[in-house]
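Undergrad: Sequence first, predicted model second:
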Amino acid sequence: MTSVRRSGTKGVARADREQQILDVAGPIFGEHGFAATSMADVAQQAGISKPLIYNYFGSKEGLHERCLRLALDLVLGEIERSADLGAVGLQRALVTLDGMFRVLDGRAWVWAIANDATAPEGTAALRDTYQQRLDGLAREGVGELLTLAGDDDALDLDAMTAVWSDVFASLVTWWCAHPGVTPDAMSARCERLFGAVFGFSPDA
């Protein structure tokens, strides 16, 4: 009889085994949140024992932090990539949204774990560091938009940055809650919404 090789069996390299666990744990944390996630569920779906997970990651908090770092790196990395494309104003906003839809396609758990209200307090510093970097990119993009409009008021910049951050998060969250909507369809929807609200045409 042929035996089925399970992840975590002898002979699997440590780095490969860790990645196998992270590939399973990330979506579980994303779907259920940190508080409601069971290490037993992670172990069962990964096809390994709970002690092995603790041996690799130390605790549920340690496993969650690794998953959170992966999620935050993916989100931040994509926004930085979009910023480097050179689009400005509302076009930059649309490019950033489009890139996020594509990088999260099939991986909505990334957005969920990055915004999990039940995340342990021990990750607060990590999340704050990433948020500061995200806020800086948002402020940069909004600043370009206001400059194009001839607005150099510092408080206007603060206010509009807060507005854009909320709009961005709301659109991505809505899309993640509608898995049947493709990235192309969602990007087209954002163009229509921007056109209706701002009179913006991406071809202009």
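TA: All right, it came through fine.
Undergrad: Low-confidence ranges, this structure, go.
TA: In the predicted model of the chain, residues 1-11, 200, 202-204 satisfy pLDDT under 70.
Undergrad: Can you give me the buried ones in stretch 129-146?
TA: Across stretch 129-146, burial judged by 16 or more other CB atoms under 10 Å covers 130, 134, 138-139, 141-143, 145-146. Every residue, glycine included, has its C-beta placed from N, CA and C.
Undergrad: just checking, V103 touches L74?
TA: Yes. The pair V103 and L74 passes the contact test of CB atoms under 8 Å, sitting 6.3 Å apart.
Undergrad: Now do the shared contacts for those two.
TA: Taking CB atoms under 8 Å, 6 or more residues apart in numbering as the contact criterion, the residues that touch both V103 and L74 are V110.
Undergrad: Does anything pack onto the helix or strand H64 falls within? Which helices or strands?
TA: Following DSSP states H and E, one finds H64 within helix 60-83. Helix 60-83 makes packing contacts with helix 14-36, helix 39-46, helix 50-57, helix 89-104, helix 108-114, helix 124-148 when contacts are defined by 3 or more CB pairs under 8 Å, 6 or more residues apart in numbering; DSSP states H and E.
Undergrad: how about the CA coordinates for stretch 140-160, as CSV?
TA: Coordinates of the C-alpha atoms in stretch 140-160 are reproduced here as CSV (Å, rounded to 0.1, in the frame of the first residue of the first chain):
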residue,chain,number,x,y,z
GLU,A,140,2.5,61.6,-0.6
GLY,A,141,-0.2,60.7,-3.1
VAL,A,142,-2.8,63.1,-1.7
GLY,A,143,-0.2,65.8,-1.5
GLU,A,144,0.5,65.4,-5.3
LEU,A,145,-3.3,65.6,-5.9
LEU,A,146,-3.7,68.8,-3.9
THR,A,147,-0.7,70.3,-5.5
LEU,A,148,-2.2,69.7,-8.9
ALA,A,149,-5.3,71.5,-7.7
GLY,A,150,-3.2,74.4,-6.4
ASP,A,151,-4.0,73.6,-2.7
ASP,A,152,-1.0,73.9,-0.3
ASP,A,153,-3.0,74.1,3.0
ALA,A,154,-1.4,71.7,5.5
LEU,A,155,-4.7,71.0,7.3
ASP,A,156,-6.4,70.2,3.9
LEU,A,157,-3.6,67.7,3.4
ASP,A,158,-4.3,66.1,6.8
ALA,A,159,-8.0,66.0,6.2
MET,A,160,-7.8,64.6,2.7
